[in-house]
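Trainee: below are the sequence and a predicted model; questions follow.
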Amino acid sequence: MTQKKTFVEIPEEHPPEESSLIPLLQKAQHEDGYISPVKVEEIAQFLKITESQIYGVASFYSQFRFTAPGKHSISVCLGTACHVSGGETLLNTIERNLEVSPGECTPDGKFDLNRVACLGCCALAPVIKVDDEIYSNVNVIKLNDILDLYE
Ligand code: FES
């Protein structure tokens, strides 16, 4: 009986050396939408490094997430234009109302929350994005209406 290969066991693609860490983390996140504890364990064993080393390196890269994504993803822009127009207030409101912190998922799994640097439409600040939809000139009242649109 042949044993199923783990996702890291393609030596020609990812040799078992530390330079493979970032590509393997990217691969894990691409497959699952986040980097699960199981994948971290697999990578650690494959590269012969500790899981703490992996979390330590990955924490420098905002692209990596270690919690499962929610059904919908909220991104709050905190780039300069959005920050000065109330982006932080929007973020705090979402955190408080939905009981979620950036990089995490709400207790019911409906939304995950992310801070982003700029969504590329600064003239419309403050801006949030839910899944692929951009919402502009958002205020706290409009925010609640927007989030109510999502089942
Ligand atoms: S700063 Fe928010 S869209 Fe650019």
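Mentor: Happy to help now that I have it.
Trainee: quick check: closest non-adjacent residue to the closest residue to the ligand within the chain.
Mentor: Closest approach of the chain to the ligand (C-beta to the nearest ligand atom) occurs at residue 79, with a separation of 2.5 Å. (C-beta placed from N, C-alpha, C; glycine too.) Excluding the flanking residues, the one nearest residue 79 by C-beta to C-beta, 6 or more residues apart in numbering is residue 118, at 3.4 Å.
Trainee: got the domain ranges for the protein?
Mentor: Following automatic domain parsing, the chain resolves into domains at 18-58, 72-148.
Trainee: tell me the mean pLDDT over the longest one?
Mentor: Mean pLDDT, computed over domain 72-148, is 95.
Trainee: just checking, residue 47 touches residue 15?
Mentor: No. The pair residue 47 / residue 15 is not scored as a contact, 9.5 Å apart, by C-beta atoms under 8 Å.
Trainee: which of these two has more residues huddled nearby?
Mentor: Between residue 47 and residue 15, counted using other C-beta atoms under 10 Å, residue 47 has the larger neighbour count: 20 against 12.
Trainee: that one: what's it in contact with?
Mentor: Taking C-beta atoms under 8 Å, 6 or more residues apart in numbering, we find residue 47 in contact with 16-18, 20-21, 24.
Trainee: how does it look with 7 Å?
Mentor: 16, 18, 20-21 (C-beta atoms under 7 Å, 6 or more residues apart in numbering).
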